[in-house]
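K.L.:
Would you be able to build a 3D model of this:
(2 chains)
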There are 2 protein chains.
Amino acid sequence: MQASEAQILAPNKVSAFAPATVGNVAVGFDILGFALESIGDTVTLHRTEKLGVEIGEIRGVVTDLPRRADENTATVGLVQLIADFGLPFGFRVDIDKGIPLGSGMGGSAASAVAAIVAANAFVGAKLTRNEILGYALLGESVASGDIHGDNVTPSLCGGLTLTRSLEPIDVVQIPVPEQICCVLVHPEHRIDTRNARQVIPKNMPLSTFVQQSANLAGFLSGCFMNDTELIRNSLHDLLIEPHRAPLIPGFRQVRQAALDNGALGCSISGAGPSIFAWVSGEADAKAVRDAMCAAFAEADVQSSAWLSSLNCPGAFIVEEG
Amino acid sequence: MQASEAQILAPNKVSAFAPATVGNVAVGFDILGFALESIGDTVTLHRTEKLGVEIGEIRGVVTDLPRRADENTATVGLVQLIADFGLPFGFRVDIDKGIPLGSGMGGSAASAVAAIVAANAFVGAKLTRNEILGYALLGESVASGDIHGDNVTPSLCGGLTLTRSLEPIDVVQIPVPEQICCVLVHPEHRIDTRNARQVIPKNMPLSTFVQQSANLAGFLSGCFMNDTELIRNSLHDLLIEPHRAPLIPGFRQVRQAALDNGALGCSISGAGPSIFAWVSGEADAKAVRDAMCAAFAEADVQSSAWLSSLNCPGAFIVEEG
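P.N.:
Presented below is the predicted three-dimensional model:
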């Protein structure tokens, strides 16, 4: 697009919301993730005559974030997008954080996705889904020190997603049986994503891989076949959870409480410390939620909890003007 | 069942056929496998007054097999079945081998499955699918020195199967798009399954496993979604093939010939040396078959080839009387 065309098309201000997400999903380390309902980050881009990106207000449950555009997950992709499109204007960026920092709920991914979804409105909505993912991944990599799509993809696309490949980007939407709900419990305990990566051995026994693969395959088959018992039998993490669980006070008891109350499976959300459970039916989901929070309380940990559909939407524009 | 009842119900002679199979399927080491059309082993059980199991004739493409019932893959499960049921008779077992030894085409699994499917007719067809699998796995473990279901399961069930778990046995049938055919090429070169296992490292990098998981997930999604391009993009073995390929003369050229002629994917069948390719459409499958055989010939290796549907039946009784 010509610079003049960009100028004419561009709105003055766009806000986009991107949901929190659960990455890994027990059986798909770095490749599977799903979006949560209601909770997420909102990023507002104000068009400025001044070129470049300036961070404006940071509000909500987190305010202590980097104020340099090349260090903040919400703006790193934006800087690249401006350069690629040769935009003749800049942005002031307000960030409303609904997702706690270091919670394992994909906060950095949501901010990165929301910013690019908003930015897309300034370039005539010309970005494809994969291009949006590409820019958002740049932001996410600043936070986690690694590029993987298990949070960015579901935050953009909604539902349960498989990020099969990042080069080239190849994303698959996985159906989830309608009746399954997610319970997400967030203990008041912060984990640094980089530290959570360091506790995972770089090499693992092939036999563990084989079992984990079998569970991944069973889980996906259960999703496609609408078979909740197959999902129940498959939703176990043998690879990562054993290494990360000790970082989360009360993890073992909380997981057991979920399973004792009928959860199909229960594991760590992303790098933790949040814990998710899949439950068939909303009534059971409420019982599981209460049992998980009670188990955290018994371990002297305060927690917040959410119930969510597993077929909820990805990022969207909230306001444009 | 009472001994007397068994005596009355039991036929005199039963023959069962079990198909050759391709294990691993590039992305599902030890868990995925599919059945081939037309080629397989036939096992005939003759009821004898003498208790126990005696091996009779061994015919076909392999004749040099163990003649002790506790060492032959076709009879190990049978010995256990006789003990479990307290059968008041024994068996003379004839084995017709259609599957070459050490070919990577699941010959030991097919013989083990055929024997138990035939034996089931002597106990009033009371065995469940999982019970048949359990007995057949006993035989398979004698051959490979390890228990895994990637050959036994598809040989019994037909089609493409996932063996999610062996304890307890949990098997899932995976749909395959109708238009996809399998090409299987068997070079005249024998590999010992135990040796083929020894070349695989006991530990692997987590990063390799993540990529392999992504391909497994993409492959299964492609099967469920009838998406041949997703199957094409996913059908790569990063975990096992790099270690086993050097055991197969001409492997790299044969694989390249398959891909150059439009194959969706091409990898080692089981422990090798047979090589399979998935191809969309029968016409293309014939071109791929010819190209693969020509590539083996250029590497001075004689080969035989088969075309097969991917939705072909598992083991069945051929004759009962």
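
K.L.:
Please identify the residues of the stretch 51-200 of chain A in proximity to chain B?
P.N.:
Applying C-beta under 8 Å from any C-beta of the partner chain, we find that the stretch 51-200 of chain A lies next to chain B at A:162, A:163, A:164, A:165, A:170, A:172, A:174, A:200. No exception for glycine: its C-beta is placed from N, CA and C like everyone else's.

K.L.:
Tell me the gap between the longest helix along chain A and the middle of its chain.
P.N.:
Once chain A is assigned using DSSP state H, the helix that runs over the most residues is helix A:206-225. A distance of 22 Å separates the centroid of the chain from that of helix A:206-225, by C-alpha atoms, centre = their mean, to the nearest Å.

K.L.:
Can you classify residue A:253 as helix, strand or coil?
P.N.:
The three-state label given to residue A:253 by DSSP: H, G, I helix; E, B strand; the rest coil is helix.

K.L.:
How about it, nearest residue that isn't a chain neighbour?
P.N.:
Leaving out its chain neighbours, the residue that sits closest to residue A:253 by C-beta to C-beta, 6 or more residues apart in numbering or on different chains is residue A:295, at 4.5 Å.

K.L.:
what's the pLDDT at that neighbour?
P.N.:
Listed pLDDT for residue A:295 reads 98.

K.L.:
any idea how far residue A:196 is from it?
P.N.:
21 Å (C-beta to C-beta, to the nearest Å).

K.L.:
do residue A:215 as well
P.N.:
On the measure of C-beta to C-beta, residue A:215 and residue A:196 end up 21 Å apart.

K.L.:
residues in contact with residue A:19?
P.N.:
When contacts are counted by C-beta atoms under 8 Å, 6 or more residues apart in numbering or on different chains, residue A:19 touches A:35-40, A:110, A:154-155, A:158, A:312-315.

K.L.:
Of those - the most surrounded one?
P.N.:
Neighbour counts for the contacts of residue A:19, by other C-beta atoms under 10 Å in any protein chain shown, peak at residue A:155, which reaches 38 neighbours.

K.L.:
which stretch of helix or strand covers that residue?
P.N.:
Using DSSP states H and E, residue A:155 sits within helix A:152-157.

K.L.:
follow-up on the earlier one: Provide the secondary structure category for the residue nearest to residue A:253.
P.N.:
With three-state DSSP as the criterion, residue A:295 reads helix.

K.L.:
and if you look at residue A:50?
P.N.:
Three-state assignment for residue A:50 (three-state DSSP): coil.

K.L.:
That one reaches residue A:90, doesn't it?
P.N.:
Yes - with contact defined as C-beta atoms under 8 Å, residue A:50 reaches residue A:90; the gap is 4.9 Å.

K.L.:
Comparing those two, which residue is more hemmed in?
P.N.:
Neighbour count, other C-beta under 10 Å: between residue A:50 and residue A:90, residue A:90 has more, with 20 against 10.

K.L.:
quick one, what contacts the more buried one?
P.N.:
A:47, A:48, A:49, A:50, A:51, A:52, A:53, A:54, A:82.

K.L.:
Report the separation between the nearest residue in space to the second one that is not next to it in sequence and residue A:56.
P.N.:
Nearest residue to residue A:48, sequence neighbours excluded (C-beta to C-beta, 6+ apart): residue A:90, at 4.6 Å. Using C-beta to C-beta, we find residue A:90 at a distance of 12 Å from residue A:56.

K.L.:
can you check residue A:40 too?
P.N.:
For residue A:40 relative to residue A:56 (C-beta to C-beta), the value is 19 Å.

K.L.:
same check, this time on residue A:15
P.N.:
Here the criterion is C-beta to C-beta. By it, residue A:15 lies 12 Å from residue A:56.

K.L.:
Likewise for residue A:62?
P.N.:
Per C-beta to C-beta, residue A:62 is found 15 Å from residue A:56.

K.L.:
which of those two has more neighbours?
P.N.:
For residue A:62 versus residue A:56, the count of surrounding residues by other C-beta under 10 Å is larger for residue A:62: 19 against 15.

K.L.:
Now name the helix or strand holding that one.
P.N.:
Per DSSP H and E, there is no helix or strand for residue A:62.

K.L.:
On the three-state scheme, the residue nearest to residue A:189 when sequence neighbours are not counted is what?
P.N.:
Nearest residue to residue A:189, sequence neighbours excluded (C-beta to C-beta, 6+ apart): residue A:273, at 4.8 Å. Here residue A:273 is coil, with the state taken from three-state DSSP.

K.L.:
Which helix or which strand is home to residue A:34?
P.N.:
Assigned by DSSP H and E, residue A:34 falls within strand A:32-48.

K.L.:
Also residue A:19?
P.N.:
strand A:13-23.

K.L.:
Give the pairing partners of that strand; include direction for each.
P.N.:
strand A:32-48 (antiparallel), strand A:316-320 (antiparallel) (DSSP bridges).

K.L.:
need the strands for the stretch 101-250 of chain A, in chain order.
P.N.:
Ranges of strands within the stretch 101-250 of chain A are A:160-166, A:169-174, A:180-187, A:203-205, based on DSSP state E, counting those that start in this stretch.

K.L.:
The ones you listed into CSV, with extra columns for mean pLDDT?
P.N.:
Below are the strands of the stretch 101-250 of chain A laid out as CSV (pLDDT from 0 to 100):
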stretch, mean pLDDT
strand A:160-166, 97
strand A:169-174, 97
strand A:180-187, 98
strand A:203-205, 95
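
K.L.:
Kindly reformat those as JSON lines containing mean neighbour count.
P.N.:
Listed next are those as JSON lines, based on neighbours: other C-beta atoms under 10 Å in any protein chain shown:
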{"stretch": "strand A:160-166", "mean neighbour count": "25"}
{"stretch": "strand A:169-174", "mean neighbour count": "20"}
{"stretch": "strand A:180-187", "mean neighbour count": "25"}
{"stretch": "strand A:203-205", "mean neighbour count": "16"}
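
K.L.:
mean confidence for the longest helix of chain A?
P.N.:
Averaged over helix A:206-225, pLDDT sits at 98.

K.L.:
Would you map out the domains in chain A?
P.N.:
Structural domains annotated on chain A: A:3-174+A:311-320, A:180-309, as defined by automatic domain parsing.

K.L.:
surely residue A:170 meets residue A:164?
P.N.:
Yes - counting by C-beta under 8 Å, residue A:170 touches residue A:164, with 4.4 Å between them.
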